[in-house]
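**Student:** Kindly return the folded structure for what I paste below:
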Amino acid sequence: MKTTTKIITLLLTLLSGLAFSQKNTSPSLIVFNAKIHTLDNQNSIVQALAVSDGKILKLGKNDAILNLKSAQTKIIDAKGKTIIPGLFDSHSHVIRGGRFFNTELRWDGVRSLKRALQMLKEQAQRTPEGQWVRVIGGWNAYQFEEKRLPTLAEINEATGNVPTFILHLYGHAYLNKAGLAKLKIDGNTPNPNGGLIEKDIQGNPTGLLVAEPNAYILYSNIAKLPELSAEEKINSTQQFLTENNRFGVTAVMDAGGGFQNYPDDYGITGKLASENKLTVRLPFYLYPQKPGQELNDFTKWISEVEIGSHDDDHGDHLEYHVQGGGESLVASAADFENFEKPRPELSPAMEGQMKEVLSKLIQNKWPFRIHATYNETITRFLNVIEEVNKETPLNGLTWFFDHAETISVENLKRVKNLGGGIAIQHRMAFQGEEFIKRYGKKAAENTPPVKDMIEMGIPVGMGSDATRVSSYNPWIGLYWLSTGKTVGGTKYQGERNILDRTSALKLYTQGSAKLVKLDADRGTLKENYLADFAILSDDYFSTADEKILDIASDLTVVNGEIVYADNIFKGLINPLPKAIPEWSPINFFGGYQKN
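**Tutor:** Next up is the predicted model:
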């Protein structure tokens, strides 16, 4: 009797397992008739893929994949379009950017100053009392056909009595007359440390705020502008996440940022994550805000916050967790790039402060990232890391530098020896011309030295540094990597430093994942990897160089679910509600501007 019972139990177990297996191998989604660049080691191209439980179930020829369908499978004909793995922006400020996206007039992609000023004028006319017109990063003078910046006279004429703030990179910002009055900036207002309030010959402020070279004067004044309501911030963040999906972005590492306090300013994304309404995977780093209090902040966070593991987040919910500390670890280490001005000299106190924080992080196995623009400061940072490593070995702990535009080969070797990585961004696509003016064309040819990083086997991830410097559009980065050109069309990189298109794309997929040791299940389209991918509006691999800038996603899938659809696929998803408040520039201009 016992033997019979055991046999029956075994059979039931086998049948249950078979039923479970069949349930989990029935595709929820099939995409066929496509040109799917898997980015595997052979750079295989296949026709179709099947998705089940948020992962790639199978790839292959159309007939073989379509034979897997069931009555419940959604079938999408890609009409011969190109599919790539979802893009992973390894450095963006999407949490902060989302809170303010609906308030901002984006000049990203605008090709004429005349059009930019017209947009400014139109937005000023609809902006209500108590609010501002604001253009916060993502553009430069060279993208305009006029190849120049706006003048304060043009800005004042366009905006009239509506307070206006316009940020240009990390270099300077414009306040119109109404904005100066609103912020109570007059001839008696002192210059902040590292910043300049430009004055005319009568001693009155002109409206130009200059980072000399510290960006605090810019960020502190942005922080004084009015915020949206909680409901508006939720809508704003959803709009911005969808805007990222619009370009095929399926994951972002948020790098913290100035005036972004934890946990208060993370409430919106936290709420969306808890309600399963995020449309990108979103690991984030914690960035201390009070100079001199950094060690206290990290000590508190280490005791209260658990570093996230992506293994815990699969299923219905996308990753949303603390990934580590940075990109700023101590305020005294800030070497913000402003290539219009000389390189900043960091405080002699930096090393001691940095060592305290790094020791605490490494002792507690917290990954970290460090903002580092210039080789001179990278040398000093590496000195500290090497010293700490002797006392408390890194032992494979994940860490990397952000930016590293002028890093030397010698320092790359030190990064390699310490097991570090580098997150690069397309900041030089916006600042290449200014860099050449200050440091010369020869120095610019290898800035940053991407090919050296790759050839040395250092993990390299690609990102944007959106939104206050560069645009969040990843195709600017892919254009920059594969052509060596700025958004203004200036080819500044040497031929040796220019990547082929596949290698460039791998930095924005596998590279960003490998940077934080997540490449075991993403960055490539293969069986049992995450079903994160995009159907492109144009064939990235064959289109003309300049057309790369026009690429977007026609359909973006995250965790097997459609999060964005446009053009022929538009009916496959319900559109987001309109941006709120009603006067939001997003309702009238959208985000990144199509040519």
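**Student:** Could you name the specific helix or strand carrying residue 416?
**Tutor:** Per DSSP states H and E: residue 416 is located in helix 409-417.
**Student:** the inter-axis angle of the helix or strand that comes right after that helix versus helix 409-417?
**Tutor:** Later in the chain than helix 409-417, the nearest helix or strand by DSSP H and E is strand 421-425. Note on geometry: by axes from the mean of the first three to the mean of the last three CA atoms, to 10 degrees, strand 421-425 and helix 409-417 are set 120 degrees apart in direction.
**Student:** what's near enough to touch residue 127?
**Tutor:** Counting by CB atoms under 8 Å, 6 or more residues apart in numbering, residue 127 makes contact with 133, 162, 583. To be clear about C-beta, it is placed using only N, CA and C from the backbone, and glycine gets the same treatment.
**Student:** Residue 428: which of these is nearest?
**Tutor:** Comparing the contacts of residue 127 against residue 428 with CB to CB places residue 133 closest, at 28.7 Å.
**Student:** Excluding chain neighbours, what is closest to the closest one?
**Tutor:** Nearest residue to residue 133 in three dimensions, chain neighbours excluded: residue 164, at 4.4 Å (CB to CB, 6 or more residues apart in numbering).
**Student:** count of residues packed around that neighbour?
**Tutor:** 27 (other CB atoms under 10 Å).
**Student:** In contact with residue 486, which residues?
**Tutor:** Residue 486 neighbours (CB under 8 Å, 6+ apart): 142, 428, 429, 430, 431, 432, 433, 480, 492.
**Student:** how does it look with 7 Å?
**Tutor:** 142, 429, 430, 432, 433, 492 (CB atoms under 7 Å, 6 or more residues apart in numbering).
**Student:** same check, this time on residue 587
**Tutor:** Counting by CB under 7 Å, 6+ apart, residue 587 touches 578, 579.
**Student:** check which helix or strand covers it.
**Tutor:** Per DSSP H and E: helix 585-589 holds residue 587.
**Student:** thinking again about what came up before, any idea how far the residue nearest to residue 133 lies from residue 104?
**Tutor:** From residue 164 over to residue 104 the distance is 12 Å, taken as CB to CB, to the nearest Å.
**Student:** could you point out where this structure is predicted with low confidence?
**Tutor:** 1-24, 309-316, 595 (pLDDT under 70).
**Student:** let's go with 50 and repeat that
**Tutor:** 1-23, 310-314 (pLDDT under 50).
**Student:** Figure out how far the helix holding residue 416 is from the centre of its chain.
**Tutor:** Mean-position distance between helix 409-417 and its chain equals 25 Å (CA atoms, centre = their mean, to the nearest Å).
**Student:** Could you list the buried residues of that helix?
**Tutor:** 411, 412, 414, 415 (16 or more other CB atoms under 10 Å).
**Student:** Tabulate the CA atom coordinates of that helix in PDB.
**Tutor:** Extracted in PDB, the C-alpha atoms of helix 409-417 (Å, rounded to 0.1, in the frame of the first residue of the first chain):
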ATOM      1  CA  VAL A 409      46.600  55.300 -19.700                       C
ATOM      2  CA  GLU A 410      48.600  55.100 -16.500                       C
ATOM      3  CA  ASN A 411      45.500  55.700 -14.400                       C
ATOM      4  CA  LEU A 412      43.500  53.300 -16.500                       C
ATOM      5  CA  LYS A 413      46.000  50.600 -15.500                       C
ATOM      6  CA  ARG A 414      45.500  51.500 -11.900                       C
ATOM      7  CA  VAL A 415      41.700  51.300 -12.300                       C
ATOM      8  CA  LYS A 416      42.200  47.900 -13.900                       C
ATOM      9  CA  ASN A 417      44.400  46.600 -11.100                       C
END
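**Student:** Could you list the residues in contact with that helix?
**Tutor:** Contact partners of helix 409-417, identified using CB under 7 Å, 6+ apart, comprise 375, 378, 379, 382, 401, 422, 452, 453, 456, 457, 458.
**Student:** which one among the contacts of residue 127 gets closest to residue 468?
**Tutor:** residue 133 (16.5 Å).
**Student:** circling back to that earlier point, pull out the buried residues from the helix holding residue 587.
**Tutor:** Neighbour-count burial for helix 585-589 flags 585, 586, 589 (criterion: 16+ other CB under 10 Å).
**Student:** can I assume the first one is in contact with residue 108?
**Tutor:** Okay, so that is residue 585. No. At 11.9 Å, residue 585 does not count as touching residue 108 under the criterion of CB atoms under 7 Å.
**Student:** need the helices for the stretch 301-450 of the chain, in chain order.
**Tutor:** Assigned by DSSP state H, counting those that start in this stretch, the helices in the stretch 301-450 of the chain fall at 350-363, 375-391, 409-417, 428-439, 441-444, 450-455.
**Student:** and the direction of the second one versus that of strand 421-425, what angle?
**Tutor:** If I follow you right, that is helix 375-391. Per the same axes, to 10 degrees, the angle that helix 375-391 makes with strand 421-425 is 150 degrees.
**Student:** What of the first one?
**Tutor:** With the same axes, to 10 degrees as the basis, helix 350-363 and strand 421-425 are set at 110 degrees to each other.
**Student:** residues in contact with residue 461?
**Tutor:** Counting by CB under 7 Å, 6+ apart, residue 461 touches 90, 421, 423, 507, 511, 512, 515.
**Student:** Try it again at 10 Å.
**Tutor:** By CB atoms under 10 Å, 6 or more residues apart in numbering, the residues touching residue 461 are 88-91, 253, 400, 402, 421-425, 507-516, 519, 523.
**Student:** can I assume it sits in a helix?
**Tutor:** No. Judged by DSSP: H, G, I helix; E, B strand; the rest coil, residue 461 forms no part of a helix; its state is strand.
**Student:** on that earlier part again, ranking the helices of the stretch 301-450 of the chain by burial, who's on top?
**Tutor:** Across the helices of the stretch 301-450 of the chain, the average number of neighbours (mean count of other CB atoms under 10 Å) peaks for helix 428-439, which reaches a mean of 21.
**Student:** Show me what it packs onto, helices and strands only.
**Tutor:** Judged by 3 or more CB pairs under 10 Å, 6 or more residues apart in numbering; DSSP states H and E, the packing partners of helix 428-439 are helix 441-444, helix 474-483.
**Student:** helices or strands up against the first one?
**Tutor:** Spelled out, it's helix 441-444. Judged by 3+ CB pairs under 10 Å, 6+ apart, the packing partners of helix 441-444 are helix 428-439.
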